[in-house]
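>>> Build the 3D model from these lines:
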Amino acid sequence: MKLTTKGHYSVKALLDLSLQVPGVPVTTKAIATRQDIPAPYLEKLLIEMRRAGLVKSIRGSVGGYLLAKPPSQITIGEILEAVGENISHIPQMSHLPHHAEDWVTLSLWRRLNQKLKEALYNITLADLYYDARSWQASLGEEASFII
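All right, here's what the predicted structure looks like:
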């Protein structure tokens, strides 16, 4: 599986939201600036994630986006699915396998794909937050959290 720009930006945006003060809306422009994501593209991604129930939008002069649930309850799999990422990586076969080794290969890819999906749906934004903090601490850096 290769994470596309769309998936990468989506995870970055929600991780950024998870690092902000809970309950305080964050503007698309603020996230875009911190994470170096084009604001119009980010807005489209946030709309997709709002439809999936991952973020809430608040209108008005003090509006912006908030996480719809705690970071520990938002998985990477959910984020990728919300923006239409394909998390399956089973090689395409032009025909059904006729030889045992082809069936073994196909079975192996199916099992690997299932394990990848399980992993993506078990890694949360909170997990990524703690991974980033640990990495920065090991470098002796303060937490700037540009992802």
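>>> now the lengthiest helix in the chain, how far from the centre of its chain.
If you go by DSSP state H, the chain has its longest helix at helix 100-120. Distance of helix 100-120 from its chain centroid, counting by CA atoms, centre = their mean, to the nearest Å, is 22 Å.
>>> for the helix or strand where W135 lies, packing partners?
Using DSSP states H and E, W135 sits in helix 125-138. Helix 125-138 makes packing contacts with helix 5-18 when contacts are defined by 3 or more CB pairs under 8 Å, 6 or more residues apart in numbering; DSSP states H and E. For glycine as for every other residue, the C-beta is placed from the backbone atoms N, C-alpha and C.
>>> Report the inter-axis angle for the helix it packs on versus helix 125-138.
80 degrees (axes from the mean of the first three to the mean of the last three CA atoms, to 10 degrees).
>>> Tell me how many other residues surround E81.
18 (other CB atoms under 10 Å).
>>> need the contact list for it.
Residues near E81 by CB atoms under 8 Å, 6 or more residues apart in numbering: 52, 87.
>>> Could you give me the buried positions within stretch 25-34?
Neighbour counts over stretch 25-34 (16 or more other CB atoms under 10 Å) mark 25-26, 28, 30-32, 34 as buried.
>>> ok, residues contacting it?
Under the contact criterion CB under 8 Å, 6+ apart, stretch 25-34 has outside partners 13, 16-17, 20, 37-39, 42-43, 46, 58, 62-66, 145-146.
>>> What remains of those residues if I keep only buried residues?
Neighbour counting by 16+ other CB under 10 Å classes 13, 16-17, 20, 37, 42-43, 46, 64-66, 145 among these as buried.
>>> Serialize those residues to JSON lines and add fields for distance to K6 and pLDDT.
Listed next are these as JSON lines, based on distance: CB to CB, whole Å; pLDDT from 0 to 100:
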{"residue": "A13", "distance to K6": "11", "pLDDT": "96"}
{"residue": "D16", "distance to K6": "16", "pLDDT": "92"}
{"residue": "L17", "distance to K6": "17", "pLDDT": "93"}
{"residue": "Q20", "distance to K6": "22", "pLDDT": "88"}
{"residue": "I37", "distance to K6": "11", "pLDDT": "96"}
{"residue": "L42", "distance to K6": "11", "pLDDT": "97"}
{"residue": "E43", "distance to K6": "13", "pLDDT": "96"}
{"residue": "L46", "distance to K6": "12", "pLDDT": "97"}
{"residue": "G64", "distance to K6": "21", "pLDDT": "95"}
{"residue": "Y65", "distance to K6": "17", "pLDDT": "97"}
{"residue": "L66", "distance to K6": "21", "pLDDT": "96"}
{"residue": "F145", "distance to K6": "21", "pLDDT": "52"}
